[in-house]
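Peer 1: just need the structure, nothing else, for what follows:
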Amino acid sequence: AENMKATQREMALKQRELQLAMQIARTREMLGWLGAAWAAVAGVSAISVSQGRGPGPAIALLPLTLVWGYNYDMAYGNKLERITAEAERILENERRALRFCPPDGQLLVSAADYRSMFGPHGFAASRLSRELPRAAGEGQQLQVR
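Peer 2: Got it, this is the predicted structure:
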């Protein structure tokens, strides 16, 4: 039974790593599209200004630049590490079970079952949340095969 639990934990952690890798890959793919949109708007803006119509289309460059920068940080920077640190802070300091409780009407688990599984303070305060990191070898990342 203990071996089965360890195998299930390892599989869950591998699945998590795969999902994170897919998210980063998706973000990297999106960067090309955002860059193309930015270049198109910059080109239209340059043409507009050169024809004396004003810099109106250039206004779209600001939000496109912000979105591109956000996605670049996710794809190549340390945004995922900062998001993970913030998630850990939320789990540690904001232990209200209802924040993470699945909505009523969904088929996975009821609010009462969720509280019975993880206690009144949710997953972060449960025994399972403290066991999961140990399943990965005290913070070592598992290799996805």
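Peer 1: list the contacts of stretch 28-41.
Peer 2: If you take C-beta atoms under 8 Å, 6 or more residues apart in numbering as the criterion, stretch 28-41 is touched by 57-58, 60-61, 64-65, 67-68, 71-72, 75-76. Where you see a C-beta, it was placed from the backbone N, CA and C, and this is true even at glycine.
Peer 1: can we see that at 6 Å?
Peer 2: 57, 60-61, 64, 68, 71, 75 (C-beta atoms under 6 Å, 6 or more residues apart in numbering).
Peer 1: give the residue spans of the protein that score low on pLDDT.
Peer 2: Applying pLDDT under 70 to the chain picks out residues 94-109, 114, 118-145.
Peer 1: does the residue lying closest to residue 42 once chain neighbours are set aside count as helix, strand or coil?
Peer 2: Closest residue to residue 42 apart from its sequence neighbours, by C-beta to C-beta, 6 or more residues apart in numbering: residue 61 at 6.3 Å. Classification of residue 61 using DSSP: H, G, I helix; E, B strand; the rest coil returns helix.
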